[in-house]
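*Asks:* Just the structure for this:
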Amino acid sequence: MVGAAIGASAASANSQAASTSAYQSGYAAGSANTTATTNAYAAGVATGMSLSSHPTGTVITVLPSGAVHTTISSTTYYVSNGVWYLPSSSANGVVYTVVPAP
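*Replies:* Numbering: from 1, shown residues only. Prediction:
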């Protein structure tokens with residue numbers, strides 16, 4: 001019975017070592033994928049993609065930081081990084097719709 005207990009203990013240690021190695025391999029692969037995604041994102045930003053731009057018609061509930069209030073022909077707009085927002089009321093409060101520049 002002693003031999004069986006020693007064998008089971010060795011098998012358990014081998015299984016744990018294999019699991020740890022597999023985890024570390026997967027973790028390293030995941031890190032590489034995250035780095036690739038981050039680099040692709042950074043490349044998009046470097047080519048001029050604005051993080052604050054939304055397509056026309058997009059409705060948001062919070063204006064981007066630094067949005068400037070302006071009034072044109074009695075209509076109130078907010079502008080941030082060249083994107084124009086038109087405020088309006090909704091059931092949940094004020095929302096802002098991205099509109100073309102007036």
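
*Asks:* residue ranges with poor pLDDT in this protein?
*Replies:* Within the chain, the ranges that satisfy pLDDT under 70 run 1-53.

*Asks:* Per the annotation, how does it divide into domains?
*Replies:* 1-49, 59-99 (automatic domain parsing).

*Asks:* give me the number of residues near T97?
*Replies:* Neighbourhood size, T97 [other CB atoms under 10 Å]: 15. Heads up, the C-betas are built off the backbone N, CA and C, glycines and all.

*Asks:* Check T70 too.
*Replies:* Using other CB under 10 Å, T70 is surrounded by 12 other residues.

*Asks:* Can you tell me the closest non-neighbouring residue to it?
*Replies:* Y77 (5.4 Å; CB to CB, 6 or more residues apart in numbering).

*Asks:* Is that neighbour part of a helix or strand, or is it coil?
*Replies:* What DSSP: H, G, I helix; E, B strand; the rest coil gives for Y77 is strand.

*Asks:* can you pull the contacts of it?
*Replies:* Contacts for Y77 (CB atoms under 8 Å, 6 or more residues apart in numbering) come out as H69, T70, T71, W84, Y85, L86, P87, V99, P102.

*Asks:* Report the contact partners of the fifth one.
*Replies:* Under the criterion of CB under 8 Å, 6+ apart, the contact list for Y85 reads I60, L63, A67, Y77, Y78, V79, Y96, T97, V98, V99.
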